[in-house]
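Visitor: below are the sequence and a predicted model; questions follow.
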Amino acid sequence: MADDDRNPEEEFQELMRRLLSGDTSGLDPEQLSRLSGMQIDPAMMQAVMNQLRGAFSGAQDGIDWSLAERQALHIANQDGLGVSSGQRTDLDQAFSLAALWLGEATTISDLPRPPKAVTRGAWVTATLPVWQELAEPVATSIADALTEALGQQAPDDMQDLIAGAGRLMRTVGGSLFATQLGHVVGRLSTEVVGGGDVGIPVMPDGDAAILPQNFADFGRDLEIPEDQLALYLATRELAHARLFRHARWLRLHVISQVREFAHGIRVDTDALEEMASRFDPSQPDELRSALESGALLPQRSEEQTAALTRLENLLATIEGWVDVVTEDATSRLPSAARIAEAVRRRRAVGGPAEQALGSLVGLELRPRRMREAAAMWRAVTDAVGVAGRDALWDYPDLMPSAEDVDDPAGLIARLTAASRGESAPSDAMDDALAQLIAEETAAEQDADSNGEEPDATRSGDDDDDDATPGDHRPV
């Protein structure tokens, strides 16, 4: 039978056989686009074929994150706006004054490198490695689910072919997710004002930055003098970067908790299979929308909910400290209170891109208890001073817990007692441990008074015929 006489199903099966055998030579991109019904640019299809060749040749291993970078930079650089010399000068001056003010509000030292004004594209390049690290567990889950769904949807006579397609499907699924992640990060670059805007340490260690283009958008409707707004945001950005630079363990702690949450994500295979059964390749927007809306991520498990609660408490503790330090450092600004409230509302609501990120990886990076955490840090500052407060970031074991955020009185009592060289007042755990020790001691004393040994040290047993009750001879 001539090639022209084959029906589309036979052509597709022949295409799959050639792909799975690693033979991608001689494939016509234009013919492929007609076969799939997508009617896309043959040049774009040629790029896809190059990726497939890489997947089968072994040149490409895992997820191709360069797709995310290209997509993110495409969105970030659409406006083509750089940083003008005037913007750079104004922000440099704001950062310089903010550093002086922070020297009075915190004992945590300055950054090793000067902060800077950056473009949206530069922010993408600087932060994308962290986004990749956080999203990789979800991308792997989606790639695995696509492989499983393909095997369940394929007819029996193609199962042998599908069995060899695991690597291809993982590549396709990973590339699809990487492209969507790039889309979200690119949109984030149009919203964030500074490196610490999203609450997690996405900038390189010791770096602080403000995006002048987004800074102008943020202050446009606030009716606040631009120099005051720049000073406040520069102070907040420096405080955030200083904290993560000082507490070296904190960056790994935050990222580990995010990844702990992401590792628990499992794709809703029923939803994926239902979508695959009616998926139209010529209209890929449905799959993209499903990824962005979170439709493929099932309801959180109990373990994930617990991990999310721990992460929210951690982020709130960080943001609360930054809030208090920024408030103290910018007390000279007449509009500081108004700017602070605008920043809190913005962090609580989040922009469209941040919401899309939450749907994509199932995680909302918003500290829901930031006001309570700020109140705790304020109470600690009033009780033990700036140095005593900042010392809590020296080691992970000293960091306030969620219970301390609920009731700072216990934390303050421990800190004030320690500052006076006294033993810290006991808490519920201490009392329970003391009671357990007292009960064990009383049991041992009763056993000694009755001429018996405690159970843990009694030397006679049924296997020793010569042992008698009260006999303390060694066996």
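Guide: Looks like it came in fine.

Visitor: just the CA atoms of stretch 408-415, as PDB, please.
Guide: Output in PDB follows, covering the C-alpha atoms of stretch 408-415 (Å, rounded to 0.1, in the frame of the first residue of the first chain):
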ATOM      1  CA  PRO A 408       4.500  35.900  73.000                       C
ATOM      2  CA  ALA A 409       4.400  36.000  76.900                       C
ATOM      3  CA  GLY A 410       6.100  32.600  77.300                       C
ATOM      4  CA  LEU A 411       8.900  33.600  74.800                       C
ATOM      5  CA  ILE A 412       9.400  37.000  76.500                       C
ATOM      6  CA  ALA A 413       9.600  35.300  79.900                       C
ATOM      7  CA  ARG A 414      12.300  32.900  78.700                       C
ATOM      8  CA  LEU A 415      14.300  35.800  77.100                       C
END
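
Visitor: tell me who's in contact with His240.
Guide: The contact partners of His240, by Cβ atoms under 8 Å, 6 or more residues apart in numbering, come to 194-196, 208, 318, 322. For the C-beta atoms, the positions are set from N, CA and C on the backbone; glycine is no exception.

Visitor: same check, this time on Leu365
Guide: With contacts defined as Cβ under 8 Å, 6+ apart, Leu365 is in contact with 198-200, 315, 354, 357-358.

Visitor: swap in Asp110?
Guide: In this structure, Asp110 makes contact with 99, 102-103, 238, 242, judged by Cβ under 8 Å, 6+ apart.

Visitor: at 6 Å instead, please
Guide: By Cβ atoms under 6 Å, 6 or more residues apart in numbering, Asp110 lies in contact with Ala99.

Visitor: ramachandran coordinates for it?
Guide: phi -70, psi 170 (degrees, to the nearest 10).

Visitor: give me the pLDDT value at it.
Guide: With respect to pLDDT, Asp110 scores 93.

Visitor: what does Asp463 give?
Guide: 47.

Visitor: ditto for Gln435
Guide: For Gln435, the predicted pLDDT is 70.

Visitor: and what of the one 10 residues further on?
Guide: At Gln445 the predicted local distance difference test score is 70.

Visitor: what's the average pLDDT for stretch 308-322?
Guide: Averaging pLDDT along stretch 308-322 gives 90.

Visitor: and what of stretch 255-269?
Guide: Mean predicted confidence for stretch 255-269 is 75.

Visitor: quick revisit: for the contacts of Leu365, give me TSV that also has secondary structure, neighbour count and distance to Gln180.
Guide: Listed next are these as TSV, based on DSSP: H, G, I helix; E, B strand; the rest coil; neighbours: other Cβ atoms under 10 Å; distance: Cβ to Cβ, whole Å:
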residue	secondary structure	neighbour count	distance to Gln180
Val198	coil	23	18
Gly199	coil	22	22
Ile200	coil	22	19
Leu315	helix	24	24
Glu354	helix	22	15
Leu357	helix	25	10
Gly358	helix	16	13
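
Visitor: grab the nearest non-local neighbour of Glu69.
Guide: Leu128 (5.7 Å; Cβ to Cβ, 6 or more residues apart in numbering).

Visitor: how many residues are close by the one you found?
Guide: 21 (other Cβ atoms under 10 Å).

Visitor: and Gln78, by the same measure?
Guide: Neighbour tally, Gln78, other Cβ under 10 Å: 12.

Visitor: how about it, secondary structure?
Guide: coil (DSSP: H, G, I helix; E, B strand; the rest coil).
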